[in-house]
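Undergrad: Got a sequence here, can you build the structure:
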Amino acid sequence: MTLAVTLALAAALIGVVMPRVLAVQPLAVAPRLMLVGWLASIATFFFLALSAGVVVAWPDHAPAEGMTDIWIRCLSSAQHTMAPWVSEIAVGGVAVVAVFFLGRFTAVGRQQRRSRTKLRGYHDDVLTVLARTRQDPDSRYRELWLDHPLPFAYSVAGSPGLVVATEGLHACLTPTEAAAVLEHERAHLHGRHHRILALSALLARTLPIVPLLARAPGALAMLVELDADRAAARTTSRAAVRSALCRVLEQQAASPTMHGVGYDAGDADIQTTNDRRLHVLAAETSPSPRPLTYAAAAVLPIAGAALAAVISMAALSAVYCVFIT
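TA: Modelled structure (predicted):
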């Protein structure tokens, strides 16, 4: 039981503390590195929570249980004096929580899947008839071009992915700026950003009481935009990406028909994301992190949470030894 409590405490620390840590986004840090930090934190949270549940349900002493007893002697001795029904209640509680989570996860996942299928079906059945289809020889993604004077572009995940754009891109932007917009959308598809956002939204709707999961969709939505900007800048230039974004926002802000579809200045989250994008594009770009840096970002959440949990449990055990026993 002491091992399960330690793992649960580590999961709680990840779920509560890491959103505050990851909220700090210096301009010098690559957005993809922050993406790794968020995804690693989410994976670590579920790994620790699942491990805690497995240890509680273990029929006998779970592996590594004796190791925790060494540094948490007093709490371990207190646990062994508990009545058997305490462990039975814990096992029942874990089972109820697991069933609830799986049921809600399945229900929300099916709903999201139906929505994505409907959206993709609309593009395949309707927009492919109304739009002109182009295929860039240097890209594996199809492009659907609509006759609309306002500059606009977005991507749709699938096999293969789609990039939907308007002729307004060519009318309002320079060729380099239009290419930057298209590269931005291709970067979303290449980086599987749609899947990342869909999974984070699914987890947030399933367990909204966990701060890490509740804040992940908004944070990841901004990071994937920054990552796509960075990818587009490598193909064109930072100046071209920033200029294109400014022109698109100016044109769409003047048109009420575009409100609510991604560039509504009245939406605080979208406005914050656009401001952040412009600010980052105007700053100096740091070099891409090395693979070892990504590995460190992936390992840091579990290492930090485990260390904090061990120290906290040892401190509680010491307090129990001094003041209670």
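
Undergrad: Quick check: residue 221 touching residue 194?
TA: No - if you go by Cβ atoms under 8 Å, residue 221 and residue 194 don't touch, sitting 11.0 Å apart. For the C-beta atoms, the positions are set from N, CA and C on the backbone; glycine is no exception.

Undergrad: quick one: pLDDT of residue 81?
TA: Residue 81 is assigned 50 on the pLDDT scale.

Undergrad: how about the helices in the stretch 1-150 of the chain?
TA: 2-22, 31-57, 65-71, 73-80, 84-122, 128-130 (DSSP state H, counting those that start in this stretch).

Undergrad: Using TSV, lay out the ones you listed together with distance to residue 281.
TA: Shown next, in TSV, are the helices of the stretch 1-150 of the chain (distance: least, Cβ to Cβ, whole Å):
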stretch	distance to residue 281
helix 2-22	21
helix 31-57	12
helix 65-71	49
helix 73-80	52
helix 84-122	29
helix 128-130	33
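
Undergrad: Output those in CSV; the columns should cover distance to residue 286 and mean neighbour count.
TA: Output for the helices of the stretch 1-150 of the chain, formatted as CSV (distance: least, Cβ to Cβ, whole Å; neighbours: other Cβ atoms under 10 Å):
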stretch, distance to residue 286, mean neighbour count
helix 2-22, 18, 21
helix 31-57, 10, 20
helix 65-71, 40, 15
helix 73-80, 45, 16
helix 84-122, 34, 12
helix 128-130, 41, 10
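
Undergrad: Give the buried residues for the helix or strand where residue 188 lies.
TA: For residue 188, the host element (DSSP states H and E) is helix 175-190. Residues 177-190 are the ones in helix 175-190 that count as buried (16 or more other Cβ atoms under 10 Å).

Undergrad: Which strands or helices does it pack on?
TA: Applying 3 or more Cβ pairs under 8 Å, 6 or more residues apart in numbering; DSSP states H and E, we find helix 175-190 packed against strand 153-156, strand 162-166, helix 168-172, helix 211-235, helix 238-253.

Undergrad: Out of those, the one nearest residue 47 is which?
TA: Proximity to residue 47 (Cβ to Cβ) singles out helix 211-235 among these, at 12.9 Å.

Undergrad: Next, the angle from the closest one to helix 238-253.
TA: 120 degrees (axes from the mean of the first three to the mean of the last three Cα atoms, to 10 degrees).

Undergrad: do you know how far the residue nearest the centre of the chain is from residue 168?
TA: Residue closest to the average C-alpha location in the chain (Cα atoms, centre = their mean): residue 220, at 4.4 Å. Residue 220 sits 29 Å away from residue 168, taking Cβ to Cβ, to the nearest Å as the criterion.

Undergrad: Assumed residue 209 was part of a strand.
TA: No - under DSSP: H, G, I helix; E, B strand; the rest coil, residue 209 sits outside any strand and is assigned coil.

Undergrad: per-residue confidence for the residue lying closest to residue 142 once chain neighbours are set aside?
TA: Excluding the flanking residues, the one nearest residue 142 by Cβ to Cβ, 6 or more residues apart in numbering is residue 162, at 5.5 Å. Note on residue 162: pLDDT of 88.

Undergrad: mind listing what residue 162 touches?
TA: 123, 141-144, 155-156 (Cβ atoms under 8 Å, 6 or more residues apart in numbering).

Undergrad: mind redoing it with 7 Å?
TA: 123, 141-142, 144, 155-156 (Cβ atoms under 7 Å, 6 or more residues apart in numbering).

Undergrad: Good, we can wrap up now.
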